[in-house]
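Student: curious how this folds, go ahead:
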Amino acid sequence: MDAATRLRPARPDDHPDIVAAVRTWWTDRSPAEMRELSLLLPKLFLQFFARTSLVREDADGIRAFLVGFHPADHPEEAYIHFVGVDPALRGQGVGRELYETFFRAAAAAGRTRVRSVTSPTNTRSIAFHRALGFRLEHGDGVGPGGVPVHKDYDGPGLDRVCFLRTLDAPRP
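Tutor: Numbers count the residues shown, from 1 in each chain. You can find the predicted model right below:
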């Protein structure tokens with residue numbers, strides 16, 4: 001990261017820029033699909049989980065983000081809900097940087113596990129999570145490529161692959 005680039009906690013006022021990014025960065029999807037994807041990020045995530053979410057920005061604005069939180073109902077876990085990296089920065093370690101920063105903060109907060117989900121057809125996401133040490137959780141079905149899926153996880157026909165990663169204890 002150069003001097004003009006910084007990684008910081010998200011703020012509620014980042015919401016419009018993050019939604020705009022989602023509607024433009026997923027170039028392999030139709031405009032309608034990008035809009036639908038952006039609906040997974042209502043403003044409430046940044047109103048209530050900004051401290052645990054991250055933004056990477058430079059002189060051109062937001063270039064990557066991670067929306068994650070520490071669930072009150074599962075005090076041993078953290079959850080990564082949505083991550084985006086500007087296509088111009090993909091393959092440069094930016095996503096890994098976001099995840100590792102989130103892992104360190106979660107471990108420092110006493111969290112011992114991180115969960116995340118993705119679509120069974122999102123092979124890049126599945127490979128990325130595996131490379132970061134996530135394991136695929138057993139499901140009640142099998143998706144493309146033989147990955148375990150949780151049928152109807154997000155509603156009828158919305159199967160998901162569920163990931164779990166154990167965190168190392170924070171270093172003193």
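Student: which parts of this protein are helices?
Tutor: Secondary structure of the chain by DSSP state H: the helices cover 15-25, 31-38, 44-48, 94-108, 123-131.
Student: just the buried residues of the helix or strand bottoming out on mean pLDDT in the chain, please?
Tutor: In the chain, the helix or strand scored least confidently by mean pLDDT, DSSP states H and E is helix 31-38, which has a mean of 82. For helix 31-38, burial by neighbour count (16 or more other CB atoms under 10 Å) applies to Met34, Leu37, Ser38. C-beta coordinates here come from the backbone N, C-alpha and C atoms, glycine included.
Student: show me what it is packed against.
Tutor: Here helix 31-38 touches helix 15-25, going by 3 or more CB pairs under 8 Å, 6 or more residues apart in numbering; DSSP states H and E.
Student: angle of the helix it packs on against helix 31-38?
Tutor: 140 degrees (axes from the mean of the first three to the mean of the last three CA atoms, to 10 degrees).
Student: verify the stated contact: Gly139 with Val161.
Tutor: Yes - if you go by CB atoms under 8 Å, Gly139 and Val161 touch, sitting 7.5 Å apart.
Student: now do the same end-to-end measure for stretch 100-115.
Tutor: Length of stretch 100-115, first residue to last, CA to CA, to the nearest Å: 14 Å.
Student: buried ones in that stretch, by neighbour count?
Tutor: Phe102, Phe103, Ala105, Ala106, Ala107, Arg111, Val114, Arg115.
Student: what is the burial count for the residue nearest to Asp159 when sequence neighbours are not counted?
Tutor: Setting aside the residues directly before and after it, Asp159 is nearest to Val149 in space (CB to CB, 6 or more residues apart in numbering), at 4.4 Å. Neighbourhood size, Val149 [other CB atoms under 10 Å]: 21.
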